[in-house]
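Visitor: turn this into a model:
(2 chains)
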Amino acid sequence: MSASLAYLQAWQQLPEALRARRDAVWRHFEQHGFPRVSEEDWRYTDLSALNDADYAADASVSITTPGALAGWQRLVFCNGERVEGEVQAPQAALADDGITALNAALCRDGLNLHVGRGQQSAPLHLLTLDSGRTMSHLRHRVVLEAGSEATLLIDTRGDDSATLTTSVLEVEIGANAHLRLLRIQDIGASATDLSRTQIRVARDARVEYVGLDLGGALVRHDLNVQLAEPGAQAQVHGVFAPSGRSHVDTHTRILHQAPHTTSREIYRGLVGGRAHAVFNGRIVVEKAAQKTDSEQNLASLLLSPGAEINAKPELEIYADDVKCAHGATCGQLDDMAIYYLRSRGLDADTARNLLLFAFAHDVLAHVTDDAARQEMERRLASRLPGSAAYEGLMEGLIA
Amino acid sequence: MLTIDNLHAKVGDKEILKGLSLTVNPGEVHAIMGPNGAGKSTLGHILAGREGYECTEGSVTFDGQNLLELETEARAAAGVFLGFQYPVEIPGVSNMYFLKAALNAQRKRRGESEIEATDFLAFVRQQIKKVGIEPAMLQRGVNEGFSGGEKKRNEILQMLVLQPKLMVLDETDSGLDIDALKMVSDGINAMRSPERSVVLVTHYQRLLDYVKPDFVHVLARGRIVKSGGADFALELEERGYGWLDAA
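Guide: You can find the predicted model right below:
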């Protein structure tokens, strides 16, 4: 497998010392390339176009940064380089497939957050903006020591250009620590975003994840949560709402490795236009993970005749004393409900959006920070038809 | 207020209404009775503007305008209210939010100002007492997990809040026990005024003991086949509808 010229050029532009240190991961990428549709985990998401893609090695960018969230610190990356905020980039470690290897070889920057024992860090908004025919590769690492707390929003945006973004986030949550992790993926209609989130949760620690996937020509997010020690808990919730010709693929894998571990997973899909959504939610309960308590619930709405979804819940249970519940449904907006709302005076767009919001609210209600939740609601609304009706739409809406 | 003239309507390919005519003046209460499948619910949905319900002939005039030309939501703002035979569950949208959003949408369309949140809360608290709805139910999803009787009372609550001019109540009395029927009837009677009109679609004379109609009509085979005063309902209760076919 030979990598396309664009990747090789980007590699050759790195300083020699860096290349020497990263030689193994680069060779991994050269050898394996991007995953292929012949691999089960990639059967619906075809990356072959990336092999011939052409990207400028670097491009200056001028995107206006949006206003900051009240009460949040902010860190901004444009085309893979930091333009706002002070941090130390992490060392890339994880490189177990073509994408993470490419990311490890080419990354230039990222967040390295370390929260000390018993500390509470201020909420951090990590904003990524990409523009132009460029690549950006970011590598983030978050370590929460025992008893600490952190809130992080990873927010990826772009314009109309055909950018390629890869990002890898590795998270270690120490004993009894608590991470609230939010993610908004809101790239442009021509852009590609391949990301991996890898989370290890230690004894009695917990992660609360809520994600929102909105756009992109080709989007793939792999979210792997390892409940490695007794009492570890994970909440893995998300909304995916692709429209136009977007392709959004979400793969979650929750690994119960120790007794008394708990996971809750709720995903809601709103698939419009000619978009294609893929959701694969795998829950693995290893033999040692007795008394596992796991629930998974997936529901999707197809909003137009050209929309498509491939949803697959997967349960693999090797322990015998566990509680696992799962359910998956797929349907359409209820015409009778729209009629009922309209018969009371709401116009058709508002009626439709109200139903969509109520549906997505099953997930977004879990975002405890008000500023972040409103931001996620606003961004979801901006992708819905007739979103001018958003003002106050969610006010008083109770799930 | 409402003039229906020679109305023909179909649902899908099936013609249901076949030349229905009815005039409702301000302040009047009309009861429409008749056998199953006669077109009673179709009439309600044609007036409210349900998609797929198509008028093929005739006219419906409401307050001087062609009602059938208006969008569903515009009819609501103009003052038409349909109490659904089977109220729809809307999970995730709170009852209270729904009431406020609906009222403000109607007011906005009529060029009126939005209602103040605190005034509205006080107003709704008064109305729920009339229909025996617990305040906690305002915070629940619209009709979500409500019993049949609770759903019907919730329809009446919406009517009390939205204050429509023409109320078309499609079997709002079906499946209610006596106490609930009294509350629903009290709600309807509270709305009666010289400016407002009511069309009660019902199977049972029992409702008409509590809400006394000015006219009683029999709808059969897509048309009004016979009309009379309040006493006509008693006769129908006794004799059924079969004799009208022979007539």
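Visitor: how about the residue of chain B found nearest chain A, nearest residue that isn't a chain neighbour?
Guide: Closest residue of chain B to chain A, CB to the nearest CB: residue B:92 (3.0 Å). The C-beta positions use only the backbone N, C-alpha and C, and glycine is treated the same way. Leaving out its chain neighbours, the residue that sits closest to residue B:92 by CB to CB, 6 or more residues apart in numbering or on different chains is residue A:358, at 3.0 Å.
Visitor: tell me which element the residue of chain B closest to chain A is part of?
Guide: Residue B:92 is located in strand B:90-94, with elements delineated by DSSP states H and E.
Visitor: pull out the buried residues from the helix or strand following that strand.
Guide: Counting by DSSP H and E, the next helix or strand C-terminal to strand B:90-94 is helix B:95-109. By neighbour count on 16 or more other CB atoms under 10 Å in any protein chain shown, the buried set for helix B:95-109 is B:95-107, B:109.
Visitor: go ahead and confirm residue A:29 touches residue A:96.
Guide: No - with contact defined as CB atoms under 8 Å, residue A:29 does not count as touching residue A:96 (11.6 Å).
Visitor: phi, psi of the residue nearest to residue B:92?
Guide: Dihedral angles of residue A:358 (phi, psi; degrees, to the nearest 10) stand at phi -60, psi -40.
Visitor: what does residue B:225 give?
Guide: Dihedral angles for residue B:225 - degrees, to the nearest 10 - are phi -100, psi -20.
Visitor: against residue A:208, how distant is it?
Guide: Residue B:225 sits 65 Å away from residue A:208, going by CB to CB, to the nearest Å.
Visitor: so between these two, which is more surrounded?
Guide: A direct count of neighbours by other CB atoms under 10 Å in any protein chain shown for residue B:225 and residue A:208 places residue A:208 higher, at 19 against 16.
Visitor: burial count for the residue nearest to residue B:92?
Guide: By other CB under 10 Å, 23 other residues sit near residue A:358.
Visitor: look at it and report its pLDDT.
Guide: You'll see residue A:358 listed with a pLDDT of 89.
Visitor: tell me if I'm right that it and residue B:91 touch.
Guide: Yes - with contacts counted by CB under 8 Å, residue A:358 reaches residue B:91, the gap being 6.6 Å.
Visitor: packing partners for the strand holding residue B:92?
Guide: On a contact count with 3 or more CB pairs under 8 Å, 6 or more residues apart in numbering or on different chains; DSSP states H and E, strand B:90-94 meets helix A:335-343, helix A:348-364, strand B:141-142.
Visitor: partner strands of that strand, with direction?
Guide: strand B:141-142 (antiparallel) (DSSP bridges).
Visitor: mind checking how far the partner strand is from the chain centre?
Guide: Distance of strand B:141-142 from the chain centroid (CA atoms, centre = their mean, to the nearest Å) equals 20 Å.
Visitor: quick check: mean pLDDT across it?
Guide: For strand B:141-142, mean pLDDT is 92.
Visitor: buried sites along the helix or strand following that strand?
Guide: Later in the chain than strand B:141-142, the nearest helix or strand by DSSP H and E is helix B:148-162. Residues of helix B:148-162 classed as buried: B:149-162 (neighbour count, 16+ other CB under 10 Å).
Visitor: before we move on, the earlier item: other residues contacting the strand holding residue B:92?
Guide: A:337, A:340-341, A:354-355, A:357-359, A:361-362, A:396-399, B:98, B:138-144 (CB atoms under 8 Å, 6 or more residues apart in numbering or on different chains).
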